[in-house]
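*Asks:* When you get a sec, could you give me coordinates for this:
(chains A and B)
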Amino acid sequence: MLSLPSVLLLSAVLFAIGAYGVIARRNLLVMLMSIELQLNAVNLALAAFSRHFAGGGGAGGLPPGPGVAPGLADSGQMFVLMSMAVAACEVAVGLALLIALFRWKRSVLTDDMAELAG
Amino acid sequence: MSWFTWTDLWMLAPVVIMVTGALITLLVGAMARGAAAGTGMTFLGIGTSVLAAFVTAFAWSHGGAAVGGALLTGPFAVFLGLVILAGVALALLYSDGYAHRMGFDVGEYYGLILLAGAGMLYLVAANDLITLLIAFEIMSLSVYALVAADRRRRAASEGAMKYFVLGAFASGILLYGMALLYGATGTIYLSDMAGVQAAPMLKLIGIGLMLIGLAFKVGAVPFHAWVPDAYQGAPASVTGFMAVAVKAAAFGILVRVLLASGLLGWHASETATGASTLATEHMLLTNVLVVLAIATMVVGNFLALAQNDLKRLLAYSGISHTGYVLIGLVAAMVLPAEGVTAVLYYLAAYTAMTIGAFAVLVVLATGSRDLGPIEDLAGLARRRPAVALAMTVCLVSLVGMPPTVGFFGKLWLFRAGLDAGFPGLVILAAVSTMVSIYYYLRPVLVMYAAAPGEAASHRPVPTAGTVVLAAAALATLLIGVAGPTLYDAARASAEALLSLG
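*Replies:* Reported below is the predicted structural model:
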């Protein structure tokens, strides 16, 4: 079985690759993909923590938060689901903006986005 | 055990009202077009925000956790919620006519403003990380789309794309910080985190990453690269809205996150166990905030000097004001009540004066084009003396001259900074304020001294925009001198927030 630190390391490496992609690449589509990679790296970390807190077993190894029913204590996994939904929305808006921009510029390269500067 | 009650629904009511209003607006917008429909939607939207404001004031003022701990209501959330809703209502009002003239899809435009408002309202009351994430994204995604509302100008699309890429990158960092914070504390509830010091290093990294993510949103240097482009690319009405409301919401949650670190107002004498680790962490976090504040003030004010486009000038001015607010957060690390009070007061003051300045740009937009360079204001004092006067009031307040509300806002921030023991920071802030006089008074000079250009239009000024302008200018002039009401409200909100933690 994988240990928590090794999963967290993998997550950190994936996040760093994603961050590198956003900073270094010039193609907006690749930048969007890199952002997705970052979000998925976070999901991996969340799932790993959740599993860790649950003692490697099923749900509910944690003391529940204020006013939370015991069944809801496994919040890390819920977090992952919500974060996936948010990532999907983000891609939808990002691609819509990209299409709007592409209609003007006929390009997805950041080098061509120099109208606003100073 | 019942985990969802009528009380929970009542606590969620402000957000539900805003979302419902947004959906109705979208629906109406899909069926009706034209100027009359736009006016109808303006008033529908304003009605929604006013209703949401009343419900916020009633439902949230008692305080306490709701919806299974997802929300933590109380005077703090009410104060910022009302500031945000005021920003939403004023932005809706001055958009009447403007949105139609500029050729926006009005239903979507008004709907997105309301939806962004719902996200912000949700954000300032968020107490668990999941709610925080969702509220943050509702706000952010709506604002990205709003920046691109003007589809006939390529600068709008470009500004929106730059904002989106950096914003999504920042969201990723914020989310990574949340994951580490969850891992370090074992809870997703911010209010439970302050006392947990099981993994202090991991917790501090988590807080730090969240700080970076939120610093992007408020436009703190060195995370400000998107601000000028997004502010200039967006239509003036949207720029005004995002300048005030996004900033208020993001600073609100930033205060909650700092509170969750358990380091806000921490003193060496208070705790015996693990005191040295905590002392190091406290010093580290404070220094990071000091560096952010200094960099933001200096870069914002000095780059503003070189700007000639009005929206871009106000963008850099917005960056510098983020720097001033950061002084309040620095002060809050030592004196939480004073620091948070100053932050809240300043956010309210900033809303009044900035909405006023952008209302001028909105009412003066000719045809389907926003004002560009400062020279577009030439001779305004002769053509429209009242508008020029209101603009002068707002700009003088942004400088921080008495007797405007901007002066009192800066006064509380600087005093909190001095009391907390950061005289150097406050002196630097005062110096950069003096620098800012130059670029704020340039438009005033152009308005009063220069002769009207050929481009000057003689179109009548829209009524709705004028109302916003008058309200903002009066608020800017009167709130400060009318008495200590706003300060007392901010103080009570700050103290309520701190006593809950």
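*Asks:* Now do the same contact list for residue 94.
*Replies:* Because you didn't say which chain, this covers chain A. Counting by Cβ atoms under 8 Å, 6 or more residues apart in numbering or on different chains, A:Gly94 touches A:32, A:35, B:164-165, B:168. Backbone N, C-alpha and C define where each C-beta goes, glycine included.
*Asks:* try chain B instead
*Replies:* Applying Cβ under 8 Å, 6+ apart, the residues near B:Tyr94 are B:237, B:240, B:355, B:358-359, B:362-363, B:464-465, B:468-469.
*Asks:* Which residue ranges of chain A form helices?
*Replies:* Under the criterion DSSP state H, chain A carries helices at the ranges A:4-24, A:28-53, A:75-105.
*Asks:* Name the stretch among those that sits most buried.
*Replies:* Greatest average neighbour count among the helices of chain A goes to helix A:28-53 (a mean of 21), per mean count of other Cβ atoms under 10 Å in any protein chain shown.
*Asks:* Show me what it is packed up against.
*Replies:* In terms of contacts (3 or more Cβ pairs under 8 Å, 6 or more residues apart in numbering or on different chains; DSSP states H and E), helix A:28-53 is packed against helix A:4-24, helix A:75-105, helix B:154-185.
*Asks:* How far off centre is that helix?
*Replies:* In terms of Cα atoms, centre = their mean, to the nearest Å, the centre of helix A:28-53 is found 4 Å from the chain centre.
*Asks:* For it, what does the pLDDT average out to?
*Replies:* Averaged over helix A:28-53, pLDDT sits at 93.
*Asks:* do the same with stretch B:410-425
*Replies:* Across stretch B:410-425, the average pLDDT comes to 95.
*Asks:* same check, this time on stretch B:192-209
*Replies:* Averaging pLDDT along stretch B:192-209 gives 88.
*Asks:* Please save the CA atoms from it in PDB.
*Replies:* The C-alpha trace of stretch B:192-209 is given here as PDB (Å, rounded to 0.1, in the frame of the first residue of the first chain):
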ATOM      1  CA  ASP B 192     -12.100  24.700  14.200                       C
ATOM      2  CA  MET B 193      -8.700  25.300  12.800                       C
ATOM      3  CA  ALA B 194      -7.300  28.000  14.900                       C
ATOM      4  CA  GLY B 195      -6.500  25.800  17.900                       C
ATOM      5  CA  VAL B 196      -5.100  22.800  15.900                       C
ATOM      6  CA  GLN B 197      -1.300  22.800  15.900                       C
ATOM      7  CA  ALA B 198      -0.700  19.100  15.100                       C
ATOM      8  CA  ALA B 199       1.300  19.800  12.000                       C
ATOM      9  CA  PRO B 200       2.300  23.500  12.200                       C
ATOM     10  CA  MET B 201       4.600  23.500   9.200                       C
ATOM     11  CA  LEU B 202       2.100  22.000   6.900                       C
ATOM     12  CA  LYS B 203      -0.600  24.300   8.200                       C
ATOM     13  CA  LEU B 204       1.500  27.400   7.600                       C
ATOM     14  CA  ILE B 205       2.300  26.300   4.100                       C
ATOM     15  CA  GLY B 206      -1.500  25.800   3.500                       C
ATOM     16  CA  ILE B 207      -2.300  29.200   4.900                       C
ATOM     17  CA  GLY B 208       0.500  30.700   2.800                       C
ATOM     18  CA  LEU B 209      -0.800  29.100  -0.400                       C
END
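*Asks:* Without its sequence neighbours, what residue ends up closest to the residue nearest the centre of chain A?
*Replies:* Nearest to the geometric centre of chain A sits A:Leu39, at 0.8 Å (Cα atoms, centre = their mean). The shortest distance from A:Leu39 to any non-neighbouring residue, by Cβ to Cβ, 6 or more residues apart in numbering or on different chains, is to A:Ala87 (4.4 Å).
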